[in-house]
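J.: from the sequence below, what's the structure:
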Amino acid sequence: MKNRLIILLFSFFGYSVISNGQYFEDAYRFSQSNYSLGSTARMQAIGGAQIALGGDISSAVSNPAGLGFFNKSVFVFSPSLDFINSDTEYGILRDGGLETQGSEETFKNNFNFANIGTVINFSKGRFTDDKFKGGSLAISLNRRNTYHLTRTYEGENGFNSIVDNILQDAGNQSLDELSELGYAAFDQFLITPTQNGYDAFVGGYPIQRETIKERGSHYQMNIAWGGNYDDKLYFGGGMGVQFLNYRQERAYEEFDFLQGGSDFDSLNAIFIDDQIAVRGSGVNFNFGTIFRPVEFLTIGASYTSPTFMSLDEESFLDLEADWDAGTTYTETVDGETETYDLGRIDPYQSNLFVNTYRLRAPSKIGLGAAVFVGKNGFLSGDLEFVNYGTANLNSDDFATSVDNDVIEDIYESVMNVRVGGEYRFDNFRLRAGYAFFPDPVKDSSLQDRTNVTFGFGYRTLDYFLDFAVVSSEMQQQAVPYFIGSDQPLATSDIQNTTVSVTFGLNF
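T.: Now for the predicted structure:
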């Protein structure tokens, strides 16, 4: 029952063009951030465990108190390359379990920038007698998330079709009350009105195929400052301005309809193209502190406020029914009879739907500790607390109460864990780490996201060069539509290997 509930909540085919009540997905999708994506290669290599560490421009996002460790100015630039692989298994969820129908594998590369920026140091020098040693100002651009993913699945469904879902949703509604998908199906003669609702002009069960493409980026511009008091207490704060560009395309088709063991001759295929583009910006604030109680130990704490985002959405739907040439449909309205040649009808194209809405993404609390082994290296660990159930949507264009209720009901707080370490010898550095990000959906059976990381670096007084590899694994589910029984379901095993290089210049 729990799995069925989750599938129901995530079963909307596309966005508002198809069905209301899907923006709760945005609340999670656009609230996610991953230090391992937008940090320097040094911090990526140690799993992103940086709340109690300093001396890295990534502190502007994770804990601005870490900027107080700088005693020189620095410029950094971190290009990155993602290798994304998705293996999707398609099946029918029945009472006896999932009946697998097939699997598809897709691959995608994506070049991007993990971060770029500068730290300007205003310290009073290493040998000053003042308790307050000064501080550093950071201006940087960090990647928060990436949306480059392609998933494809295909298999024979011997139990239902998307037309069954359309009939289910249409019920006894008038044509004016139908959803956009329902009206598109009527326009293409997939359903026809009757005295008691609607009937399908389609028989048989199809082979189903869908390709889901996500593209886009989510970056944050940071202005942060961190200070140093007596080399024991570090403190800082900052502001982040976010820029979001997201696009999703879902190309769904049904073909080779079967009826009584033979091809259903009249209808060759159904094609549905559903696209959405979301652009927007947001702002948040963060502050933190790092305390060094003894020489070999630092303890850090940070807080990031909720992010307030304003988002603009554009979406549309195309539906085409490919009927055999010569297939006709005759109807009589008010005593007048008209015959339609279904093989010659034009595809249905919806209007462009435009919405503006606001998202309040959750705040974050981070705690961290780092243990230093002389000058030979360190071990670092972070705990990060995020309650995705506190996200909230608001809009003047549509009602958000359903989505906000769903957010509160299905999302919960999580504790992200990051650990890592560095070993030093001469000018060289070896690093490794691990990160764990639990699925925030209550009672979810999907695999939690994990990162395994490693890397190395070379440092001099004037410059440094760092290299990192982050191997991330997770799962996602997709359904073409929701039906009362024999639910079609696609589960994707997603692996993303990120290779990053950071060039740094001290001045």
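J.: residue ranges of the helices in the protein, please?
T.: For the chain, the helices defined by DSSP state H occupy 2-9, 24-29, 35-38, 41-45, 59-62, 162-170, 180-187, 401-410.
J.: which residues touch the third one?
T.: If you take Cβ atoms under 8 Å, 6 or more residues apart in numbering as the criterion, helix 35-38 is touched by 43-44, 47-48, 50, 58, 61-62, 80, 114-115, 142-146, 219-220, 418, 435, 451, 453, 470, 472, 498. Where you see a C-beta, it was placed from the backbone N, CA and C, and this is true even at glycine.
J.: for it, what is the distance to the chain centroid?
T.: Relative to its chain's centre, helix 35-38 lies at 14 Å (Cα atoms, centre = their mean, to the nearest Å).
J.: restricting to C-alpha, output that helix in PDB.
T.: C-alpha atoms of helix 35-38 as PDB (Å, rounded to 0.1, in the frame of the first residue of the first chain):
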ATOM      1  CA  TYR A  35      28.500  20.500  -2.000                       C
ATOM      2  CA  SER A  36      30.200  17.800  -4.000                       C
ATOM      3  CA  LEU A  37      28.900  19.400  -7.300                       C
ATOM      4  CA  GLY A  38      29.800  23.000  -6.600                       C
END
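J.: average pLDDT across it?
T.: Per-residue pLDDT over helix 35-38 has a mean of 77.
J.: quick revisit: least reliable of the helices of the chain going by mean pLDDT?
T.: Among the helices of the chain, helix 2-9 carries the lowest mean pLDDT (a mean of 42).
J.: so which of the contacts of helix 35-38 are in strands?
T.: Judged by DSSP state E, the contacts of helix 35-38 include 80, 114-115, 142-146, 219-220, 418, 435, 451, 453, 470, 472, 498 as members of strands.
J.: picking that back up, relative to Tyr198, which of the helices of the chain is closest?
T.: Relative to Tyr198, the nearest member of the helices of the chain by Cβ to Cβ is helix 162-170, separated by 4.8 Å.
J.: list the buried residues in stretch 410-417.
T.: Buried residues in stretch 410-417, counted by 16 or more other Cβ atoms under 10 Å: Ile410, Tyr411, Glu412, Val414, Asn416, Val417.
J.: wait, what's in contact with Asn427?
T.: Asn427 touches Tyr458, Arg459, Thr460, counting by Cβ under 8 Å, 6+ apart.
J.: typed the wrong thing, it's Gly377
T.: Gly421, Glu422, Tyr423, Arg424.
J.: check what pLDDT the residue nearest to it when sequence neighbours are not counted gets.
T.: Leaving out its chain neighbours, the residue that sits closest to Gly377 by Cβ to Cβ, 6 or more residues apart in numbering is Tyr423, at 4.3 Å. Tyr423 is assigned a pLDDT of 97 by the prediction.
J.: what is the neighbour count of Tyr423?
T.: Residues lying near Tyr423 (other Cβ atoms under 10 Å) number 15.
J.: quick one: it and Val470, what's the gap?
T.: To Val470, Tyr423 is 19 Å away according to Cβ to Cβ, to the nearest Å.
J.: against Asp87, how distant is Asp187?
T.: 37 Å.
J.: which of these two has more neighbours?
T.: Asp187 (18 against 15).
J.: got the contact list for that one?
T.: Contacts of Asp187 (Cβ under 8 Å, 6+ apart): Leu319, Tyr348.
J.: and if you look at the one 10 residues further on?
T.: The contact partners of Gly197, taken as Cβ under 8 Å, 6+ apart, are Leu167, Ala170, Gly171, Asn172.
J.: what separates it from Ser174, distance-wise?
T.: Distance from Gly197 to Ser174, by Cβ to Cβ: 10 Å.
J.: picking up where we left off before, how about the helices of the chain in a markdown table, adding distance to Ile365?
T.: Below are the helices of the chain laid out as a markdown table (distance: least, Cβ to Cβ, whole Å):
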| stretch | distance to Ile365 |
| --- | --- |
| helix 2-9 | 27 |
| helix 24-29 | 18 |
| helix 35-38 | 14 |
| helix 41-45 | 19 |
| helix 59-62 | 12 |
| helix 162-170 | 42 |
| helix 180-187 | 41 |
| helix 401-410 | 19 |
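J.: nearest to Gly282, of the ones you listed?
T.: helix 24-29 (12.3 Å).
J.: only alpha carbons, please: show that closest one as CSV.
T.: The C-alpha trace of helix 24-29 is given here as CSV (Å, rounded to 0.1, in the frame of the first residue of the first chain):
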residue,chain,number,x,y,z
PHE,A,24,5.3,19.4,-5.1
GLU,A,25,8.0,17.8,-7.2
ASP,A,26,9.5,21.2,-7.9
ALA,A,27,9.7,21.8,-4.1
TYR,A,28,12.2,18.9,-3.9
ARG,A,29,13.9,19.1,-7.2
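J.: give me the contacts around it.
T.: Everything outside helix 24-29 that qualifies as a contact, by Cβ under 8 Å, 6+ apart, is 9-10, 12, 246, 278, 311, 359, 361, 388, 391-393, 403-404, 406-407, 410-411, 440.
J.: ditto for stretch 499-506
T.: So stretch 499-506 is in contact with 40-42, 44, 72-81, 83, 114, 461-470, going by Cβ under 8 Å, 6+ apart.
J.: pLDDT at Ser11, what is it?
T.: 37.
J.: then the one 4 residues further on?
T.: The predicted local distance difference test score for Tyr15 is 33.
J.: what do you get for the one 4 residues further on?
T.: Ser19 carries a pLDDT score of 39 in this model.
J.: which of the contacts of Gly377 lies closest to Val479?
T.: Nearest member of the contacts of Gly377 to Val479, counting by Cβ to Cβ, is Gly421, at 41.7 Å.
J.: name the nearest residue to the closest one, ignoring sequence neighbours.
T.: Leu379 (4.3 Å).
J.: the one you found and Gly368 touch, don't they?
T.: No - applying Cβ atoms under 8 Å, one finds Leu379 not in contact with Gly368, separated by 11.3 Å.
J.: those two - which one has more neighbours?
T.: Legend: neighbour count by other Cβ under 10 Å for Leu379 and Gly368, higher for Gly368 (26 against 17).
J.: look up how far Gln32 lies from that one.
T.: Where Gln32 is concerned, Gly368 sits at a distance of 20 Å (Cβ to Cβ).
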